[in-house]
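Q: attaching a predicted model along with its sequence, questions to come.
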There are 2 protein chains.
Amino acid sequence: MSAAKPENLKAADRILATAQELFYREGARAIGVDEIVQRAGATKPSLYRAFGSKDQLIAAYLEGERARSMAYFDEAAAEHPGDARAQLLAYFDALGRRASRDGYRGCGLSNAAVEYPDPKHPGHKVALAHKTEVRERLRDLARALGARKPKKLADSLLLLIEGVYVTGQVFGGDGPAKAVRGAAAALIDAHRAEPAGDEPEA
Amino acid sequence: MSAAKPENLKAADRILATAQELFYREGARAIGVDEIVQRAGATKPSLYRAFGSKDQLIAAYLEGERARSMAYFDEAAAEHPGDARAQLLAYFDALGRRASRDGYRGCGLSNAAVEYPDPKHPGHKVALAHKTEVRERLRDLARALGARKPKKLADSLLLLIEGVYVTGQVFGGDGPAKAVRGAAAALIDAHRAEPAGDEPEA
DNA sequence: CACCAATCGTACCGATCGGTAACGAGGTCA
DNA sequence: TGACCTCGTTACCGATCGGTACGATTGGTG
C-alpha cells in the first residue's frame, strides 16, 4: 500500500505535496500523519523536523491553496486588462465551470475554517487572512467598476463565491454553481443602475 | 469535568442533546464519543444501544438540524402569507442577522458535508437530502414570485445562503452576511424585470 | 415472592492518534 | 583525517479513537 515515490524530490517536498492532495480531497482532520508520510515515501521525523507539527503542516498546505486561489483572480485580470466587469465575469465563469466538475471539493481554505472553527488554530488563521484578502480584491474590482456601493457589491459577490464552494461539493455536476455567472452579472448591474436602496419596504 | 445532569431525561435523549451542541459548535470529527457520554452523564453502551454507531448519531443530530433549518422558512412564510417576495426577504433578513452574531457556526448540515465528503457517509446523505429540499423550496418561492427563470433564481439564492453560512463563521460580526438581504433583493428584482439574458457577451 | 424484560454501568478491546528519542548514512570544509 | 551538519531510519511513547462483552439494577406482572 505504500507509494514510495523518490522522484527526485526531497522528503519534505514529497510530504507537503502528498499533504496537499490528501488534505484537500479528504479533509485535514480525516488524514493522519502516518498516512501522509507513508504515501509520500517518507517517515514521521522528516515531517516533524520540516514542519514542526501537523497543525503547521496544515498551515503550509493552506498557504499553497491560498496562492492557487489568488491565481484565479490574476488569470481573469490578465484576460481582460482594464475591464473590471469583464474580469469579474471571467472569474465567475471559470469558477462555475470548475465547481461543476465531478469530485470538486470546494476551497481548501474554507473547508479548513469549517473543520477548525477555533480562531487560534494556525489553519483557521490562514483561512481568515485569505478570505480577507479576497474581500479586499473584490472591493478593488467593485470600485474599478464604478459601483455605487463597492463594499456591498464586493460582499455580495463573496457570498456567491463561498456559496459555489459549498454547493459545488454537495450537489454533483448540475448544482447551483452553474448559475453563479448570471447571478454575479445581475448583482454587478444592479449596483451600477439605481441608488441601491434595497426596495420600498425596510 | 463531568456534567452528570440527570434532569429527568433518558440517557439516549441526553446523549443526543449533548451531541447536538458539541457537534455543531466543534464539528463532528472533533468530538469523540467519550466526551459526549461524559458530558451527557451517560456511558458509551447507552450511546451504542440507542444509535448504533457514531456515524448514525451524527445522522440523528443532522436530522434535528434539518428540522431547525426548515423552520426558518416556515417562520418567514407565516410572517407574510401569500407574498413570496416578502417571505424571501424576511428569510434573508433573519439569516443575515443570525449569521452576524458572534460565535455563529453556520449550517450544521453544510459543515457536515464538508467534514465528510464521502457521499456514502450517513451524515453526508442527510446533508444532501436537506440541501435538495431547500433548493426545491426556493424554486417554489421563485415560481410563486413570477420569476422568469425560477430555477436560476432559486439556485442564485441558494448560493447566497450557503455563502452566508461559511462567511458568517469565518468573518466576525461585520462580515459579508450583512449584505445578503440586499443581494437577494437585487437578484429577485433582476429576475422579474428583463429577459434574464446574462449580458451582451457570452 | 419469582420472573422477566428493559435500562444502565464497569471494564475492557485493538487500532490509530500526534509526537519523539536515539541512531546511522552521507556530504563538506578544515 | 576528523569534526560538523543535514537528512532519513527504526522503534517507541501515552493518549485517544470507535466499539463491545458482560454484569448490575430497575420496575412491572404472574
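A: Nice, thanks for sending it over. Numbers count the residues shown, from 1 in each chain, chains lettered A, B, ... in the order given.
Q: buried residues, the biggest helix by length in chain A. List them.
A: The longest helix of chain A (DSSP state H) is helix A:54-79. Neighbour-count burial for helix A:54-79 flags A:54, A:57-62, A:64-66, A:69, A:73, A:76-77 (criterion: 16 or more other C-beta atoms under 10 Å in any protein chain shown). All C-beta atoms are positioned from the backbone trio N, CA, C, and that covers glycine.
Q: how is chain A divided into domains?
A: Residue ranges for the domains of chain A, per automatic domain parsing: A:1-52, A:55-190.
Q: among these, show the one with the smallest mean pLDDT.
A: Lowest mean pLDDT of these: domain A:1-52, a mean of 86.
Q: what sits against A:His191?
A: Applying C-beta atoms under 8 Å, 6 or more residues apart in numbering or on different chains, we find A:His191 in contact with A:Ala142, A:Leu145, A:Ala147, A:Arg148, A:Lys149, A:Pro150, A:Lys152, A:Leu153, A:Ser156, B:Ala186.
Q: look up how far A:Leu138 lies from it.
A: Distance, A:His191 to A:Leu138, by C-beta to C-beta, to the nearest Å: 12 Å.
Q: number of nearby residues for the residue of chain A found nearest DNA strand C?
A: For chain A, the residue closest to DNA strand C is A:Gly32, as judged by C-beta to the nearest atom of the strand, at 2.7 Å. By other C-beta atoms under 10 Å in any protein chain shown, the residues close to A:Gly32 number 11.
Q: where do the helices sit along chain A?
A: Using DSSP H, the helices assigned to chain A run over residues A:11-26, A:33-40, A:44-51, A:54-79, A:84-99, A:108-115, A:122-145, A:150-170, A:180-190.
Q: I'd like the ones you listed laid out as TSV, including distance to B:Ala127.
A: Conversion of these to TSV gives the following (distance: least, C-beta to C-beta, whole Å):
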stretch	distance to B:Ala127
helix A:11-26	17
helix A:33-40	25
helix A:44-51	32
helix A:54-79	23
helix A:84-99	17
helix A:108-115	12
helix A:122-145	21
helix A:150-170	6
helix A:180-190	20
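Q: just put those in TSV and tack on distance to DNA strand D.
A: Shown next, in TSV, are the helices of chain A (distance: least, C-beta to the nearest atom of the strand, whole Å):
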stretch	distance to DNA strand D
helix A:11-26	3
helix A:33-40	8
helix A:44-51	3
helix A:54-79	12
helix A:84-99	30
helix A:108-115	14
helix A:122-145	19
helix A:150-170	22
helix A:180-190	35
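Q: who wins for proximity to B:Val114 among the ones you listed?
A: Smallest distance to B:Val114 across these (C-beta to C-beta): 4.8 Å, for helix A:108-115.
Q: which bits of chain A sit near DNA strand C?
A: A:Ile31, A:Gly32, A:Val33, A:Asp34, A:Glu35, A:Lys44, A:Pro45, A:Tyr48, A:Ser53, A:Lys54, A:Asp55 (C-beta under 7 Å from any atom of the strand).
Q: and the second one, how close does it get to B:Val33?
A: Going back to what we said before, that points to A:Gly32. 18 Å.
Q: who are the contact partners of the spatially most central residue of chain A?
A: The centroid of chain A falls nearest to A:Cys107 when counting by C-alpha atoms, centre = their mean (3.6 Å). Taking C-beta under 8 Å, 6+ apart as the contact definition, A:Cys107 lies against A:Glu65, A:Ser69, A:Glu162, A:Tyr165.
Q: now swap in A:Val37 and tell me
A: A:Ile15, A:Thr43, A:Lys44, A:Ser46, A:Leu47.
Q: the third one - how many residues pack around it?
A: Going back to what we said before, that points to A:Lys44. Applying other C-beta under 10 Å, I find that A:Lys44 has 13 neighbouring residues.
Q: got it, and the last one?
A: The burial count assigned to A:Leu47 is 24, neighbours taken as other C-beta under 10 Å.
Q: just checking, it touches A:Asp34?
A: No. Taking contacts as C-beta atoms under 8 Å, A:Leu47 lies outside contact range of A:Asp34: 9.6 Å.
Q: hang on, the earlier thing: now for the longest helix of chain A, which elements pack on it?
A: Applying 3 or more C-beta pairs under 8 Å, 6 or more residues apart in numbering or on different chains; DSSP states H and E, one finds that helix A:54-79 makes contact with helix A:11-26, helix A:33-40, helix A:44-51, helix A:84-99, helix A:108-115, helix A:122-145.
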